[in-house]
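Engineer: Whatever this is, show me its structure:
(chains A and B)
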Amino acid sequence: MPSFRAPRGTYDILPGDQPYWSFAMRTAAEVASRFGYGRIDTPVFEATDLFERGVGDATDIVQKEMYTFEDHGGDSMTLRPEGTAGVCRAYIEHGLHNQPQPVRMYYQANFFRYERPQAGRFRQFSQFGVEAIGDGSPYVDVEVMELGWSFVRALNISGASLRVNSIGDSECRPAYLDALRDYYRDHIDDICDDDRRRLERAPLRLLDCKKSQCQSIGDTAPKSTDYLCNACKAHWVLVLALLEGLKETYPDLDYYVDHRLVRGLDYYTRTVFEIEPENAAGQSTLLGGGRYDGLIEEIGGQPTPGIGFASGLDRLVAHVKSQEDFESPEIGPDVVIVHLGEAAGRRGASLAAGLRAAGVAVLVAPAGRSMRAQMRYSNALNARYALIIGDRELESGEGSLRPLQEDSGQAGVSLDVEAIARAVRGA
RNA sequence: GUGGGCGUAGUGUAGUGGUUAACACGUCAGGUUGUGGCCCUGAAGAUCGAGGGUUCAAUUCCCUCCGCUCACCCCA
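Structural biologist: You can find the predicted model right below:
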């Protein structure tokens, strides 16, 4: 056994898997820019306070999942467990409220949470997320959902569904929570132990308990949308109307209101949503987000509305990989130089340098191997051509260029960069 | 943090209370004179996760630990 392995909950992405990742990341960037979102990168770590205040003291993330450390100056720092707090911090810090609102930004980055790994859940994970800050209108809510939906669609993931809900705001939520607690207190004997603990600490979470006994109780629990204040109600109604309108463009948009949809972070207000794959199970949420109208103010800015989502790239890539229709490019070098003898080796090395400088992808076969071995090597790398240089070629000044993607055919080519580059590109 | 499953070469697997732990893929080397893919031959590569125990003897039985994995929790 090797003495070192990737830390628990982390993994290596080897060259062979990179095509899946570049596809996902390229798609994310394309979709985001189509919607007018500009990329933002923020630091991997931030002041611990930012997350405690932004994400919420009471959340599991803050309570037990953060990678927190004290730096040498004595400040408490934390590896970012999510993306929104950092983006909002940047919005405030750089005065982005002076730009046309809303400010639309996206990120693609790694995040860190100390959790027990399982399928689709890692300690270092990758997210593509977007944030639209500075406009509280329902139009933006639906724009963000549309963005998320088209991203998942662009990844060729079919059968996904969009769940939406509204959990109100600071105005109307307290009354709803009271109603919810009252309801569950009446059923205190019927719910599971976990739920009894949740009752006071995180009442919203009662709703998405997976145990069957609790499910049926949740079904008849008070609905947040019945407790919305007038402003939240109007917002919600328009969100639904716009969502319905989206179906003109996306007839397969499978969205539905889920009264049990709540989210784990404290900052969410009003609209929340998730996209799940066809066979949802375990850690399957592909994308989740919502509105966070109190967050900017909470971390020291002017009251500013915002909405966004984050999608789990690790999970999305896993889906892409499982769908067999993904064709990997399988790209080899243009040329592998096969050389016999030291003089030919030196000549080959200098030709390789010249060709690379000219933009041709070239490898020199490992020195000291037989010609047969070098040819096998060229073939194994899926090269387009083998350029053979031995004593004969050195003397005549003409190398043998052998196409490897075809059964036969071999031509002489003058041993200079120009001629070889032309021959390789020519075809 | 709590449960279940699993730990044999780089990868995927087989196997047995007892002499040199097997197979496939991969890697490397050969298959005469300088030419790949298929094929053939050979080689390297495993303290059988670690430690302890039972036994004349353990990779195989038992315990502990570690690791991986799935699920709960929570979330992307």
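
Engineer: Flag every residue of the stretch 301-427 of chain A that's near RNA strand B.
Structural biologist: A:310-312, A:314-315, A:340, A:366, A:369-373, A:375-380, A:386, A:388-393, A:400, A:402-408, A:410 (CB under 7 Å from any atom of the strand). From N, CA and C alone the C-beta is placed, and that goes for glycine too.

Engineer: Filter those down to the ones in strands?
Structural biologist: A:310-312, A:386, A:388-389, A:400, A:402-403 (DSSP state E).

Engineer: Find the pair from those residues with maximum spatial separation.
Structural biologist: Longest distance between any two of these is 54.8 Å, between A:310 and A:400; criterion CB to CB.

Engineer: re earlier: quick check, nearest of the ones in strands among the residues of the stretch 301-427 of chain A next to RNA strand B to residue A:7?
Structural biologist: residue A:312 (19.1 Å).

Engineer: ok, now which ones touch the closest one?
Structural biologist: Each residue near residue A:312 by CB atoms under 8 Å, 6 or more residues apart in numbering is listed here: A:120, A:125-127, A:285-287.

Engineer: how close does it get to residue A:217?
Structural biologist: From residue A:312 across to residue A:217, the span is 29 Å (CB to CB, to the nearest Å).

Engineer: Just checking the distance from stretch A:278-295 to the centre of its chain.
Structural biologist: 13 Å (CA atoms, centre = their mean, to the nearest Å).

Engineer: How about stretch A:70-79?
Structural biologist: That offset, for stretch A:70-79, works out to 27 Å (CA atoms, centre = their mean).

Engineer: for that stretch, which positions count as buried?
Structural biologist: Residues of stretch A:70-79 classed as buried: A:77-79 (neighbour count, 16 or more other CB atoms under 10 Å).

Engineer: now swap in stretch A:217-227 and tell me
Structural biologist: Neighbour-count burial for stretch A:217-227 flags A:217-218, A:221-225, A:227 (criterion: 16+ other CB under 10 Å).

Engineer: Only alpha carbons, please: show that stretch as CSV.
Structural biologist: The C-alpha trace of stretch A:217-227 is given here as CSV (Å, rounded to 0.1, in the frame of the first residue of the first chain):
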residue,chain,number,x,y,z
ILE,A,217,-47.0,14.0,8.7
GLY,A,218,-45.1,16.4,6.6
ASP,A,219,-47.7,16.0,3.8
THR,A,220,-50.4,17.6,5.9
ALA,A,221,-48.2,20.2,7.6
PRO,A,222,-48.9,23.9,7.2
LYS,A,223,-47.5,25.2,3.9
SER,A,224,-45.2,28.2,3.9
THR,A,225,-46.9,29.6,0.9
ASP,A,226,-50.1,29.9,2.9
TYR,A,227,-48.4,32.2,5.3
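
Engineer: show me the contacts for residue A:323.
Structural biologist: A:156-157.

Engineer: hang on, the earlier thing: name the residue in residue A:310 and residue A:400 with the higher neighbour count.
Structural biologist: Neighbour comparison, residue A:310 and residue A:400: the larger count goes to residue A:310, with 21 against 17 (by other CB atoms under 10 Å).

Engineer: from what I can see the more buried one touches residue A:289, true?
Structural biologist: Yes - taking contacts as CB atoms under 8 Å, residue A:310 lies within contact range of residue A:289: 6.2 Å.

Engineer: any weak-confidence spans in the stretch 251-400 of chain A?
Structural biologist: A:280-281, A:324, A:328-330 (pLDDT under 70).

Engineer: before we move on, back to that, if we take the buried residues of stretch A:70-79, which one ends up nearest to RNA strand B?
Structural biologist: Nearest to RNA strand B among the buried residues of stretch A:70-79 is residue A:79, at 13.1 Å by CB to the nearest atom of the strand.
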